[in-house]
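> Just need the structure, nothing else, for what follows:
(4 chains)
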Protein chains: 4
Amino acid sequence: MLSFESDYTTGAHPTILQRLMETNLEPYSGYGSDPYCESAKEKIRAACGCPEAEIWFLTGGTQTNAMVISTMLRDYEGVVAADTGHVNTHEAGAIEYSGHKVLPIRHHEGKIDAADLTKYLAQFYQDGNHEHMVFPGMVYISHPTEYGTLYTKSELEKLSDVCREYGIPLYMDGARLGYALMSSQSDMTLPDVARLCDVFYIGGTKVGALCGEALVFTKHNMPKHFLALVKQRGALLAKGRLLGVQFDTLFTDDLYWKISRHAICMAEKMKAVLNEKGCEFYLESPTNQQFIILQDEKMAELAQKVVLSFWEKTDKTHTVVRLATSWSTTEEDIEQLGELLSL
Amino acid sequence: MLSFESDYTTGAHPTILQRLMETNLEPYSGYGSDPYCESAKEKIRAACGCPEAEIWFLTGGTQTNAMVISTMLRDYEGVVAADTGHVNTHEAGAIEYSGHKVLPIRHHEGKIDAADLTKYLAQFYQDGNHEHMVFPGMVYISHPTEYGTLYTKSELEKLSDVCREYGIPLYMDGARLGYALMSSQSDMTLPDVARLCDVFYIGGTKVGALCGEALVFTKHNMPKHFLALVKQRGALLAKGRLLGVQFDTLFTDDLYWKISRHAICMAEKMKAVLNEKGCEFYLESPTNQQFIILQDEKMAELAQKVVLSFWEKTDKTHTVVRLATSWSTTEEDIEQLGELLSL
Amino acid sequence: MLSFESDYTTGAHPTILQRLMETNLEPYSGYGSDPYCESAKEKIRAACGCPEAEIWFLTGGTQTNAMVISTMLRDYEGVVAADTGHVNTHEAGAIEYSGHKVLPIRHHEGKIDAADLTKYLAQFYQDGNHEHMVFPGMVYISHPTEYGTLYTKSELEKLSDVCREYGIPLYMDGARLGYALMSSQSDMTLPDVARLCDVFYIGGTKVGALCGEALVFTKHNMPKHFLALVKQRGALLAKGRLLGVQFDTLFTDDLYWKISRHAICMAEKMKAVLNEKGCEFYLESPTNQQFIILQDEKMAELAQKVVLSFWEKTDKTHTVVRLATSWSTTEEDIEQLGELLSL
Amino acid sequence: MLSFESDYTTGAHPTILQRLMETNLEPYSGYGSDPYCESAKEKIRAACGCPEAEIWFLTGGTQTNAMVISTMLRDYEGVVAADTGHVNTHEAGAIEYSGHKVLPIRHHEGKIDAADLTKYLAQFYQDGNHEHMVFPGMVYISHPTEYGTLYTKSELEKLSDVCREYGIPLYMDGARLGYALMSSQSDMTLPDVARLCDVFYIGGTKVGALCGEALVFTKHNMPKHFLALVKQRGALLAKGRLLGVQFDTLFTDDLYWKISRHAICMAEKMKAVLNEKGCEFYLESPTNQQFIILQDEKMAELAQKVVLSFWEKTDKTHTVVRLATSWSTTEEDIEQLGELLSL
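The predicted structure follows:
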């Protein structure tokens, strides 16, 4: 059945599987010490324009978020995030499981605003009882956000400035970073991200890998004995090559950007079709996730033919649904969708 | 270079890669809800002779151990293990990170003894202060052990009886379970394991998979909302199919057993060669890991030509090294090893 | 200097010190096994009209909240609370340190509303992704709230009904419970509290004790091996008698209620004086904490003569301050306050 | 009934209760900011000969141990302790609850040996897999030990040297520190302890206080925002004066030392009586805890008349029991014990 359910419904980009096959018999020590991990790190450092970046490969987004937050914060600190941020809503409490509070501030289409952040931080230190409160020790943003929206470079600069003023790291969850940077609305590059953030990850799982995220520390700030910390949290793969080969492939011949650009093109075509068919958009997303409002009956009918993601109810008879494109979305898929919407 | 460093130095068995390729474009919902996960579970249930088994796929051994222990124990409980047990020694404190103590008892070539266990449990409840102590809430064993040794069926029955007497689960770490059950010394079957243990895992990473362990609860005892618990611990893969397809393949046409049997055959040939060359064995292992004692100079010399694992020093001039076979070990590898030892 | 800073600025009610002295030389086993703990529990059971209540004494409020929440919730659960709730704001992340999320819902003068709660719970289970979210596993309320306000019996009944419908415990933080029940606005009794809540604590620290809170489980729901859990969290006093004697004294001859009633009387007189002097109240509080809005200059001036608590800024030139009465507040203190306000 | 059960069976030294009464009505801000806390800290700094010492008051020993260990260790570190150490045996897993492993090494009458420690640390760093293991990040000792035994100054110097060589703090659990320093066998002073240890606590609960331990950081090494960390672990008393007044009293006119000396005198007399009556000592203890081996029948008989502590079984018919003296032990108590033993 036709599916726009998400960007992780199909397997890996074929080039990745191809490389896994080609390298399969080469024997390597485990735990990330193999030459593909090294090569992938080198290529990512180059792509980031950040030769001093320290990089680690992990298997998934929630794991990576919990790893960053739990290893970079001190016990008395929490992480500031949009109330809609993934760490605050859909990680089953992984951050709290690691002992840290998520400090939510209101979102604006999934984004946090530098002025709101400044106000929050200023008030915190003004409060006479702040030693009884959770210290804001990091700022978490997702880019694109959970709503597919993007920060402008200027917005990111402002957030980065606030963080530096308060001496706390800015962390970007880049589960879908490729789609952000390849969006026609983006005015940012990967080196901008590396410069403005203190730590971020380049999502693989949702951008063509079988699994895997590349975590990048850009300010000589990778926690000491990170391997031990990763092992302790159950996140160390024995066959680290599985992640090394994948990211080495993604960052060879611009594959990561090609996959991202492809999904963006498909999303743009999908948007055109949705518009043409008179669909109401929930918000304007410039990336690979599109949100439309459907009458519940229409949604039920459509659900017979195409897999979509339930997002939320807007009222008793309408629902927001999400349609996502990926490396494997084809023009035919979009056409079929158009036909289904015509019925 | 020739390598006997471990059973996770090469990639996956080719049939697994083949199946990943064949199923790559099929779109499935994530998080383990795909039909390959279902099919793999069904096959494992059948292989266990345990139709009611509840099964979950995870990516690695330490992750699986921490998952089982942290979700099955109550806060006031710890896990009893051999002092040489993986959970007590080489998991970077993953069990303690989850809040639980490992309660070590002395090992006998990596195994725990039912009499020692009984004594430990009896003394615990006899101690007037036991409410101030960590309650023994589970027994952890590895099979094969970290030294490659095996429990006999009778030994496992005794441990199982003690656990039932005290009402605590018996958990088997089966990172290399295939090698245990395919050993010519084994008098146990997978249904025996399923019957005698309350929970165990069938290791994939070290038995031919890219990554992955199949966790099996055999007594209607999978913790409630296990998906949420897995997510919370950062162990939920979005593309759950990666694990589903692998285990479905491993449990089709006996692939798991064939891989295991192959490594055991290679280990037996390797043992013969080592014996022939006059190597001193550290202990008698009937599985795919062999431990020999080398003079440090001999070890250094050999290390130029073949990768081995440092295990431990026995005295100032001798070292125990481990040699492991795997799905990818060939007769030529063994012959080459023999030649190197002849020099 | 005159102080209305809080209800924990002076020591203990003299009768308590007297009893500590009288019982000082009696030798008792530790950890809460002494006869005063037993006697205190018996008296509290009687006062609650709940002969089956299970009771434990702890030293402070945050400790008690963390104890209840961390021992009653399952790992995948969090606690629903007003966004202004003490557990969400002023416990330095104690709840998250124990691994659990506080799930904030909007407050109404410090209280949560049964309709808001129902909506929250209903939406949670409606969300298709709720297995990726933190389960609402308990409802936390404070009575009086952090703003000194009170639930009516009818409001509490509604909250209790919602909790029972969803099968989750209702927990009342009664740090100042005496002041709630002795307020002239209260339409509730301690047996009402015991009946409608599943667990609550009767605050001692803020109601005349040196330290100590009496935690009451009313539904045969005290977690198993609670002593071990308390010890594990560092909350078990060797000389448990310190808490036993205090609560035995507080629940002898209605001392707890007399202390509470006294502070309420003083608060009513203080309110009259504040009104008379034209002070603007931030909100209407029927308990021992009163909140007034002062011009910053006036506040600074007053702060030379009397200790008040900074609460929060309302705008650039005004501040909310809190004045609290306690067992040790005298009519003279109130008169002096009146005189200072006249200047 | 006569009791030698422990040193925490009676209340507080009368001078402490007296001072609590005298200061009862003075109003002070909470959480340890009162002048008695300040004064007590000043006196303790002087007694330690360490003007730069940072001090915090907590309520109990397990709480203090968990506080020190969990706030001073990094996530990847554990604490080395004697296998008989309180943190390893009788704290209900409080250290593991905070996420850290206790790394046991063998004890010698409750003490650890510098040579064993050196060997342990050297082997750890020699192990090629040590990044997969728990790093030794602190050394815990108790003085006196759980068996009442004492380190000599030379032994403590050696442990201190090893810790400095490896750059890890030496932590002394001084639950009964007074009894150590007032023992006629002691060749150490409090300034020696302060100089040789990096952090230690001066026990109050077992040396005449109602509750309370004074935690002393001697090397500018108190963790940042310690108040927040204490609050987060539920260990912050609102009426901090309760601890301040007690320690201020204990360190005025040498009360702490007088109490300790008294209990030692009583222990010496008790030893003489026990010897005289032909009791077999389990080991030679120079402090306030004495351990004797009794035939089970004799023990049962004695238990009718005097409360003793069960320690452990030595064989099927004999048991080790502990007798402890304290501030409240009298010569009459000792005489009575002698009489009971004569029967």
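> Please pull up the helix or strand immediately following the one helix or strand in chain A whose mean pLDDT sits lowest.
Among the helical and strand segments of chain A, the one scoring lowest on mean pLDDT, DSSP states H and E is strand A:309-315, with a mean of 91. Using DSSP states H and E, the helix or strand that follows strand A:309-315 in sequence is strand A:318-324.
> Pairing partners for that next one, with directions?
Using DSSP bridges, strand A:318-324 pairs in its sheet with strand A:289-295 (antiparallel), strand A:309-315 (antiparallel).
> so of those strands, which one's packed in deepest?
Of all those, strand A:289-295 carries the top mean neighbour count, a mean of 20, counting by mean count of other C-beta atoms under 10 Å in any protein chain shown. Glycine gets a C-beta too; all of them are placed from N, C-alpha and C.
> After that one, which helix or strand is next?
By DSSP H and E, the next helix or strand past strand A:289-295 is helix A:296-302.
> now what about that following helix, what contacts it?
A:294, A:308, A:317-319, A:321, A:340-341 (C-beta atoms under 8 Å, 6 or more residues apart in numbering or on different chains).
> Quickly check: stretch A:116-127 near chain D or not.
No. Remark: stretch A:116-127 sits outside contact range of chain D, by C-beta under 8 Å from any C-beta of the partner chain, the gap being at least 12.3 Å.
> Contacts for that stretch, please.
Contacts for stretch A:116-127 (C-beta under 8 Å, 6+ apart): A:80, A:103, A:105-106, A:130, A:133, A:135-136, A:139, A:159, A:162, A:166, C:312-313.
> Mark which of these are buried, thanks.
A:80, A:103, A:105, A:130, A:133, A:135-136, A:139, A:159, A:162, A:166 (16 or more other C-beta atoms under 10 Å in any protein chain shown).
> ok, back up a step: which two among the contacts of stretch A:116-127 are spaced furthest apart?
Checked with C-beta to C-beta, the contacts of stretch A:116-127 reach their widest spread between A:159 and C:312, with 25.7 Å between them.
> quick one: contacts for the residue nearest to residue A:217 when sequence neighbours are not counted?
Spatial nearest neighbour of residue A:217, excluding adjacent residues (C-beta to C-beta, 6 or more residues apart in numbering or on different chains): residue A:54 at 4.4 Å. Counting by C-beta under 8 Å, 6+ apart, residue A:54 touches A:216-217, A:220-222, A:226.
> In helices, which of those residues fall?
residue A:226 (DSSP state H).
> Can I have the buried ones of the contacts of residue A:54 as a ChimeraX selection?
To isolate the buried ones among the contacts of residue A:54 in ChimeraX, judged by 16+ other C-beta under 10 Å, type:
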select /A:216,217,222,226
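> quick one: which of the contacts of residue A:54 is nearest residue D:44?
Of all these, residue D:44 sits closest to residue A:221, with 37.8 Å by C-beta to C-beta.
> backbone phi and psi for the closest residue to the closest one other than its chain neighbours, please?
Sequence neighbours aside, residue A:198 is the residue nearest to residue A:221 in space, at 6.0 Å (criterion: C-beta to C-beta, 6+ apart). According to degrees, to the nearest 10, the main-chain angles of residue A:198 amount to phi -90, psi -20.
> Let me know how buried residue A:198 is, in neighbour terms.
Residue A:198: 22 surrounding residues under other C-beta atoms under 10 Å in any protein chain shown.
> now the strands for the stretch 101-250 of chain A?
Counting by DSSP state E, counting those that start in this stretch, the stretch 101-250 of chain A has strands at residues A:102-105, A:135-142, A:170-173, A:199-203, A:213-217.
> Mean pLDDT added to these, as a markdown table?
A markdown table is the format used below for the strands of the stretch 101-250 of chain A (pLDDT from 0 to 100):
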| stretch | mean pLDDT |
| --- | --- |
| strand A:102-105 | 98 |
| strand A:135-142 | 98 |
| strand A:170-173 | 98 |
| strand A:199-203 | 98 |
| strand A:213-217 | 98 |
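> So which of those strands is nearest residue B:265?
strand A:213-217 (38.8 Å).
> What are the contacting residues of the closest one?
With contacts defined as C-beta under 8 Å, 6+ apart, strand A:213-217 is touched by A:40, A:44, A:48, A:50, A:53-61, A:63-64, A:67-68, A:175, A:194, A:198-205, A:247.
> Only whichever of these are buried, select them in PyMOL.
Buried residues among the contacts of strand A:213-217 (16+ other C-beta under 10 Å), as a PyMOL selection:
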select buried, chain A and resi 40+44+48+50+53+54+55+56+57+58+59+60+61+63+64+67+68+175+194+198+199+200+201+202+203+204+205+247
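> re earlier: okay, the contacts of helix A:296-302 in JSON lines with pLDDT and distance to residue B:273 next?
Output for the contacts of helix A:296-302, formatted as JSON lines (pLDDT from 0 to 100; distance: C-beta to C-beta, whole Å):
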{"residue": "A:294", "pLDDT": "95", "distance to residue B:273": "68"}
{"residue": "A:308", "pLDDT": "94", "distance to residue B:273": "60"}
{"residue": "A:317", "pLDDT": "95", "distance to residue B:273": "75"}
{"residue": "A:318", "pLDDT": "95", "distance to residue B:273": "72"}
{"residue": "A:319", "pLDDT": "94", "distance to residue B:273": "67"}
{"residue": "A:321", "pLDDT": "95", "distance to residue B:273": "63"}
{"residue": "A:340", "pLDDT": "93", "distance to residue B:273": "65"}
{"residue": "A:341", "pLDDT": "91", "distance to residue B:273": "68"}
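> Please identify which of the residues you listed is nearest to chain B.
Closest to chain B out of the contacts of helix A:296-302 is residue A:308 (11.5 Å), distances taken as C-beta to the nearest C-beta.
> give me the number of residues near the closest one?
Counted with other C-beta under 10 Å, residue A:308 comes out at 22.
> got the buried residues for the longest helix seen in chain A?
With secondary structure taken from DSSP H, chain A has its longest helix at helix A:255-276. Using 16+ other C-beta under 10 Å as the test for burial, helix A:255-276 gives A:255-271, A:273-274.
> cool, stretch A:122-134 as well?
A:124, A:127, A:130-134.
> which one in the residues you listed is the model shakiest on?
Among the buried residues of stretch A:122-134, residue A:127 carries the weakest pLDDT, at 79.
> The longest helix of chain A - contacts with which helices or strands?
Helix A:255-276 is packed against helix A:177-181, helix A:241-250, strand A:289-295, strand A:318-324, helix A:331-342, with contacts defined by 3 or more C-beta pairs under 8 Å, 6 or more residues apart in numbering or on different chains; DSSP states H and E.
> following that helix, which helix or strand comes up?
strand A:280-281.
> Name the surrounding residues that touch that following strand.
Contacts of strand A:280-281 (C-beta under 8 Å, 6+ apart): A:274, A:290-293.
> cutoff 7 Å now
Contact with strand A:280-281 is made by A:291-293, as judged by C-beta atoms under 7 Å, 6 or more residues apart in numbering or on different chains.
> tell me which parts of the stretch 1-150 of chain A are close to chain B?
For the stretch 1-150 of chain A, the residues in contact with chain B (C-beta under 7 Å from any C-beta of the partner chain) are A:3, A:5-6, A:8-12, A:17, A:20-21, A:23-25, A:27-30, A:59-60, A:62-63, A:66, A:91-94, A:97.
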